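S.K.: Structural data only, the sequence is not supplied:
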């Protein structure tokens with residue numbers, strides 16, 4: 001007996017979003033972004049700001065000065081902070097942040113990058129250009145491949161240069177016309193310590209900082225393991241993998257290519273031994 005499809009039938013389709021952070025996850029699915037206000041306390045935020053400035057100074061020294069970063073449009077970007085500070089490792093693995101990310105992407109998640117962004121009132125930030133966090137991709141998909149979590153270390157608004165989003169742009173392949181951009185762009189107004197979650201394919205940009213203070217933030221991009229890390233985080237950490245198998249995968253130890261067949265097999269043998 002042949003089986004035929006349906007026409008004009010509305011049963012089926014994706015199940016409604018429910019469970020933990022359901023409203024936030026629905027915002028991410030529909031608008032492309034949503035926020036958890038005031039997740040971090042003031043003392044934690046102040047400490048993270050101070051550490052970011054220290055790491056940025058160190059990274060400038062690593063390449064011969066800030067002018068070298070400016071020449072490659074990388075000034076005021078602080079890359080892979082967790083390799084320099086355990087406090088930023090704790091931020092990348094914050095239980096609430098990971099709960100949201102895992103609810104959206106599932107359990108197989110890898111940290112693709114963690115970057116600090118410094119937006120000064122006296123300097124144009126390269127990140128004020130519209131972009132996706134999965135750069136140079138001109139397609140969209142029905143399920144998210146990556147979620148960004150932007151931690152606000154200052155108040156975020158149109159005055160301080162808070163991030164500007166194009167709602168729904170994670171569902172559109174091409175960058176829209178300027179008329180649509182000007183009508184639709186939105187800057188969330190959030191206190192410091194908040195976290196903005198967004199589909200990494202959503203178009204966004206840093207705002208212009210018109211205040212008299214520096215605006216700092218930390219962006220994380222979490223993805224499914226078919227995506228590669230921006231830098232080799234296990235190599236930068238230069239330490240033994242964590243004992244937690246999930247954390248091994250999250251940091252990239254599990255998903256990075258092995259150097260040869262024998263090493264690949266030894267890893268699998270060790271995993272099988274632990275399960276036995």
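M.R.: Cool, got the structure. This one's a predicted model, so the numbers in the text were calculated from it and none came from an experiment.
S.K.: Okay, buried residues for the lengthiest helix in the chain please.
M.R.: Across the chain, the longest stretch assigned as helix under DSSP state H is helix 42-62. For helix 42-62, the neighbour count (16 or more other CB atoms under 10 Å) marks 45, 48, 49, 51, 52, 55, 56, 59, 60 as buried. All C-beta atoms are positioned from the backbone trio N, CA, C, and that covers glycine.
S.K.: Name the nearest of the residues you listed relative to residue 31.
M.R.: The shortest approach to residue 31 among these belongs to residue 45, at 25.5 Å (CB to CB).
S.K.: For the closest one, give its distance to residue 56.
M.R.: Separation of residue 45 from residue 56 (CB to CB, to the nearest Å): 17 Å.
S.K.: if I look at residue 248, how far off is residue 20?
M.R.: With distances defined as CB to CB, the gap from residue 248 to residue 20 amounts to 24 Å.
S.K.: Any figure for the gap between the spatially closest residue to residue 186 that is not a sequence neighbour and residue 180?
M.R.: What sits nearest to residue 186 in space, not counting adjacent residues and going by CB to CB, 6 or more residues apart in numbering, is residue 165, at 5.3 Å. Here the criterion is CB to CB. By it, residue 165 lies 13 Å from residue 180.
S.K.: Comparing these two, which shows the higher neighbour count?
M.R.: When residue 165 and residue 180 are compared for neighbours, residue 165 comes out ahead with 22 against 13, by other CB atoms under 10 Å.
S.K.: isn't that one right next to residue 207, touching?
M.R.: No - proximity of residue 165 to residue 207 does not meet the contact threshold set by CB atoms under 8 Å, at 10.4 Å.
S.K.: intersection of neighbour lists for the two?
M.R.: Listed contacts common to residue 165 and residue 207 are residue 187; contacts here mean CB atoms under 8 Å, 6 or more residues apart in numbering.
S.K.: how about the strands in the chain?
M.R.: Under the criterion DSSP state E, strands of the chain are mapped to 33-36, 77-79, 110-119, 146-152, 164-165, 195-199, 204-205, 215-223.
S.K.: What lies in contact with the fifth one?
M.R.: Applying CB under 8 Å, 6+ apart, the set of residues contacting strand 164-165 from outside is 31-33, 185-188, 198, 202-207.
S.K.: Which residue is the nearest non-sequential neighbour of residue 117?
M.R.: residue 217 (4.9 Å).
S.K.: show me the contacts for the one you found.
M.R.: Taking CB under 8 Å, 6+ apart, we find residue 217 in contact with 116, 117, 119, 150, 151, 152, 153, 154, 156, 163.
S.K.: if I read this right, the fifth one contacts residue 90, doesn't it?
M.R.: Yep, that's residue 151 we're talking about. No - the pair formed by residue 151 and residue 90 falls short of the contact definition of CB under 8 Å, at 11.8 Å.
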